[in-house]
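*Asks:* need the 3D shape of this:
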Amino acid sequence: MANSTKPRAIGLNHVALEVGDIEEALAFYGRIFDLQLRGKSETMAFIDLGDQFVALQAGRKQPADDGRHVGLVVDDKEAVRAALKAAGIKPIGGPFLDFRDPWGNRIEIVGYDNIQFTKAPNVLRGMGLTHLTKNETAKKELAEKGMSVS
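*Replies:* Numbering: from 1, shown residues only. The predicted structure follows:
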């Protein structure tokens, strides 16, 4: 049961990834994904994810990520696998589709059909993704929380 004296975290607005160079990062991620650029400067770039975004910020200094990662939801996981191969990027071994960018950020790729969140119909429409569906496991998880989808 929720404690009414504390604020409730209800979602993510964005994640910031530190990279070496903004133009290089946009070129790298542009080889894998169809990017919708929200805006950029010399030290920052903002990539739209519908009603959320990823911020790329110049200045990464720490070593490569190990377990720490960002899970990006995609409309077609197999298309990402093919794009990684075409770009010469080797996925990290294991049960998931993970890779590291040139600056050590670990990215996990998750298919929209297999996740327990759903985009609102107006957001999907604005993204041109009204054809996306959920698999039975995701539908069950959403229904158990009172968030059924059709």
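
*Asks:* contacts and neighbour counts: CA atoms only from here.
*Replies:* Will do.

*Asks:* how about low-confidence regions in this structure?
*Replies:* 1-3, 149-150 (pLDDT under 70).

*Asks:* shouldn't Arg31 be in contact with Ala87?
*Replies:* Yes: with contact defined as Cα atoms under 8 Å, Arg31 and Ala87 form a contacting pair (6.6 Å).

*Asks:* who's more crowded, those two?
*Replies:* Legend: neighbour count by other Cα atoms under 10 Å for Arg31 and Ala87, higher for Arg31 (15 against 11).

*Asks:* so which helix or strand takes in that one?
*Replies:* Using DSSP states H and E, Arg31 falls within helix 22-32.

*Asks:* contacts made by the helix or strand following that helix with the rest, please.
*Replies:* Downstream of helix 22-32, the first helix or strand assigned by DSSP H and E is strand 37-40. With contacts defined as Cα atoms under 8 Å, 6 or more residues apart in numbering, strand 37-40 is touched by 45-48.

*Asks:* same for the helix or strand Val54 falls within, what does it pack against?
*Replies:* Following DSSP H and E, one finds Val54 within strand 53-58. Taking 3 or more Cα pairs under 8 Å, 6 or more residues apart in numbering; DSSP states H and E as contact, the helices and strands that strand 53-58 lies on are strand 14-19, helix 22-32, strand 44-48.

*Asks:* check which residues of the second one are buried.
*Replies:* Think helix 22-32. 22-23, 25-26, 32 (16 or more other Cα atoms under 10 Å).

*Asks:* which of those residues lies closest to Ala58?
*Replies:* Using Cα to Cα, Ile22 comes nearest to Ala58 of those, at 6.0 Å.

*Asks:* and that closest one, how far is that from Gly71?
*Replies:* To Gly71, Ile22 is 21 Å away according to Cα to Cα, to the nearest Å.

*Asks:* next: Pro121.
*Replies:* Pro121 is 22 Å from Gly71, by Cα to Cα.

*Asks:* looking at the two, which is more packed in?
*Replies:* More crowded of Pro121 and Gly71, by other Cα under 10 Å: Gly71, with 14 against 11.

*Asks:* chain neighbours aside, what residue packs nearest to that one?
*Replies:* Nearest non-adjacent residue to Gly71, counting by Cα to Cα, 6 or more residues apart in numbering: Glu108, 4.5 Å away.

*Asks:* is the one you found in a bridge, and if so with what?
*Replies:* Going by DSSP bridges, Glu108 is paired in beta bridges with Gly71, Asp98.
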